[in-house]
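**Q** I need the structure of the sequence given here:
(2 chains)
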Amino acid sequence: MIKIEKLHKSYPIGKDSLHVLKGIDLHIKEGEFVSIMGSSGSGKSTLLNIVGLLDIHDQGNYFLNGQLIKNMNEKKAAILRNKFLGFVFQSFNLISYKTALENVALPLYYKGLKRKERLKIALDYLEKVGLKEWANHLPNELSGGQKQRVAIARALVTKPKVVLADEPTGALDSGTTDSVMGLLKDINNEGMTVFVITHEQEVAEQTKRIVHLKDGVIINDFLTKEIKKA
Amino acid sequence: MFDIDRWREIFQSIRKNKLRSVMSGFTIAFAILLFTLLFGVANGLGNFFKNAFADNAQNMMFVRVWKTTKPYKGLQTGRKIQLKNKDFNHISEKYNNNIEYQSARINKNFTIKYKNKANRYSVKAVHPDYQFLEKTNIDEGRYLNQFDINQKKKVIVIGRLIMKDLFGEKPALGKRINVNGSSFLIVGVFSDDGGDDEERIAYIPVSTSQMMYGNNDYINQINLGYNQNLSTDAAIAFGKNVELEMRKKLNIHPDDQSALSVRNMAQANKYVSIIMFALYLIIIFIGSGTLIAGIIGISNIMIFVIKERTKEFGIRKALGAKPSSIVAMVVQESVLITTLAGYIGLSLGTYILSYIGNSLEKKYFIKDPSVNPEIVIGATVVLIISGLVAGYIPAKRAANIKPIVALRAD
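**A** Numbering: from 1, shown residues only, chains lettered A, B, ... in the order given. Presented below is the predicted three-dimensional model:
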């Protein structure tokens, strides 16, 4: 599903440049539940941004669903994101003036679905994350855990190939962390590829594969005991 | 392309961000309102100037004489100058091509009596053309005609207020009245836009006056209406020629304004048009200043709005929005707001102007302030286009920011 070969990425900082990713090779197959671990500055967010087509790499190859990602412009990237990827962010990134339901329905608008259809599908997904009753509430009327569940519903609503979660529990307490991780597990059990970035050991342990990143290189890549449970 | 979903997005964005929408709308509405008021008031001033001379013909010119104040060619000061029929005929024949209307005038003050009512009125002995020079409106009957002049008929045309004074509500036309002891037939009643004083006047044939009061060929004034086809400068030159000619003929010092003067509306018209031109320059200057201020205002607000929404755009892009759809959304929202606000400013301005109406005429010389719809609609269109550009440029930039950068924005 995601295949990365010798990926490099640098950011210019003034006259110098900061080499963040130094030749990453990573292959994630369909249906995997992978977490990328690393301290801040390890390059894990950069990796996720490149995988999520939110950023572009300098060198190496990146195949998404078998398609080589090259010469992306914003328009092509937007179409691919809408088609293949669902995002969950640490800070939720819900649009503040839209209700939970409208937030979930937004990706379907960019997919070109009719309004009635959009709202119907969005409501189904809100129900799936247990927030049907909160459909018409604005984000600031929801708790952190509820917001993240809305964001997950929004990530799933287009039936993407991969869900990318950037520190999805970073802003949550331990109780809600478990419920959000439980939700991601359920999604994975239904066959969805889930790609999580975290610096929390407990969170990573709930996934099926952990990739350790340090200073822009993979230092460790192993399956967890979760996979044995499954 | 009409896209109901996009409009729904736009209306939601406007509704949920009232302060921002009201602010940008206010800038535009206020700029258009000021622009409308400014143009309206300036037009009102212009209307006042134009109308200030409207009760006389715009092409009027007259030759007036009095006493000399400067010795000339051995003639002493204090000599009384007298115009005669031959002067009038000479001018009217020599300058026939330059003249549209011509009339001599003798000024008298007579007691006019009807039954037991009597009053003193200004009586002017004139030629038929005088009607057009003075812009006299005939309400009943007729004005003097050439037949009256030729036959020296004792006929009179009276002002509306003389009729009111002497006849009350009863009809005056065809009645005989006593003018300075002689009986005159009322052949017409007139009104005049020049005000009450101009309606307490009576007109009699110039020839009748000369026969009855002194039996001479004296006249007080020569009144002319120059040919309307003459340019203002040509008309001024014509006036100068007439003046030179008369001074030579009557042996008057070239600088002696008391002995003879020619008043020429062309001169006044020229001043008015210079004033109007200056006025319009000022208006264009201030008007475009107002517009520029509006444009800068809307540009600032759009930059601020888009900065504020950068993160939202990042989210939308992460969810699959193409940059073009974001630009289109911003631009349509901006155009919608500027159009609505422009319309509000325009309507409000027009309403205020029509409410002011003529109420400021006496004190502030503003008459019927109004605006050409084309100018104000043009100004509104300029602001809408600048709202469009002001929205397009930053939106285009924001839409092309990498989503990861946009998401980091706060």
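**Q** return the residues of chain A in contact with chain B.
**A** Within chain A, the positions adjacent to chain B are A:49, A:52, A:54-55, A:74-75, A:78-79, A:81-83, A:87, A:89, A:93-95, A:97-98, A:102, A:106-107, A:109-111, A:115, A:154, A:158 by C-beta under 8 Å from any C-beta of the partner chain. In this view, the C-beta of every residue, glycine as well, is placed from N, C-alpha and C.
**Q** show me these that map onto strands.
**A** Those of the residues of chain A next to chain B mapping onto strands are A:F87, per DSSP state E.
**Q** residues touching the closest residue in space to B:G159 that isn't next to it in sequence, list them.
**A** Among residues not flanking B:G159 along the chain, B:E199 sits closest, at 3.9 Å (C-beta to C-beta, 6 or more residues apart in numbering or on different chains). B:E199 makes contact with B:G159, B:R160, B:L161, B:I162, B:F190, B:S191, B:D192, according to C-beta atoms under 8 Å, 6 or more residues apart in numbering or on different chains.
**Q** contact partners of the helix or strand harbouring the fourth one?
**A** Applying DSSP states H and E as the criterion places B:I162 in helix B:160-167. For helix B:160-167, contacts defined as C-beta under 8 Å, 6+ apart pick out B:112-114, B:117, B:119, B:121, B:139, B:172, B:175, B:177, B:189-191, B:196, B:199-202.
**Q** do that again at 10 Å, thanks
**A** Helix B:160-167 is contacted from outside by B:112-119, B:121-123, B:137, B:139-140, B:156, B:158-159, B:169-173, B:175, B:177, B:186, B:189-192, B:196-202, using C-beta atoms under 10 Å, 6 or more residues apart in numbering or on different chains.
**Q** likewise for stretch A:171-179?
**A** Against stretch A:171-179 from outside (C-beta under 10 Å, 6+ apart): A:89-92, A:129-130, A:143-149, A:168-170, A:180-181, A:198, A:200, A:202-203, A:206.
**Q** contacting residues around B:S258?
**A** Counted by C-beta under 10 Å, 6+ apart, B:S258 has contacts B:R64, B:V65, B:W66, B:K67, B:T68, B:T69, B:K70, B:T77, B:I81, B:I252.
**Q** burial check on the last one, number of neighbours?
**A** Taking other C-beta atoms under 10 Å in any protein chain shown as the criterion, the count of residues near B:I252 is 23.
**Q** who's in contact with it?
**A** Contacts of B:I252 (C-beta under 10 Å, 6+ apart): B:65, B:68, B:70, B:72-73, B:75, B:79, B:81, B:243, B:246, B:258-260.
**Q** same thing with the first one?
**A** Residues near B:R64 by C-beta under 10 Å, 6+ apart: B:81, B:83, B:105, B:220-223, B:257-263.
**Q** next one: the fifth one
**A** Neighbour list for B:T68: B:75-81, B:250-253, B:256, B:258-260 [criterion: C-beta under 10 Å, 6+ apart].
**Q** ok, which pair from the contacts of B:S258 is furthest apart?
**A** Greatest spatial distance in the contacts of B:S258: B:R64 and B:T77, 18.0 Å, computed using C-beta to C-beta.
**Q** which SS state does the spatially most central residue of chain A fall under?
**A** By C-alpha atoms, centre = their mean, chain A has its centre lying nearest to A:L164, at 1.4 Å. Secondary structure, DSSP: H, G, I helix; E, B strand; the rest coil: A:L164 is strand.
**Q** also B:I158?
**A** strand.
**Q** pretty sure B:V123 contacts B:N109?
**A** Yes: between B:V123 and B:N109 a contact is recorded at 6.9 Å, counting by C-beta atoms under 10 Å.
**Q** endpoints of stretch B:312-329, how far apart?
**A** One end of stretch B:312-329 to the other measures 12 Å (C-alpha to C-alpha, to the nearest Å).
**Q** hmm, it touching chain A?
**A** Yes: shown here: stretch B:312-329 in contact with chain A (C-beta under 10 Å from any C-beta of the partner chain) through B:312, B:314-326.
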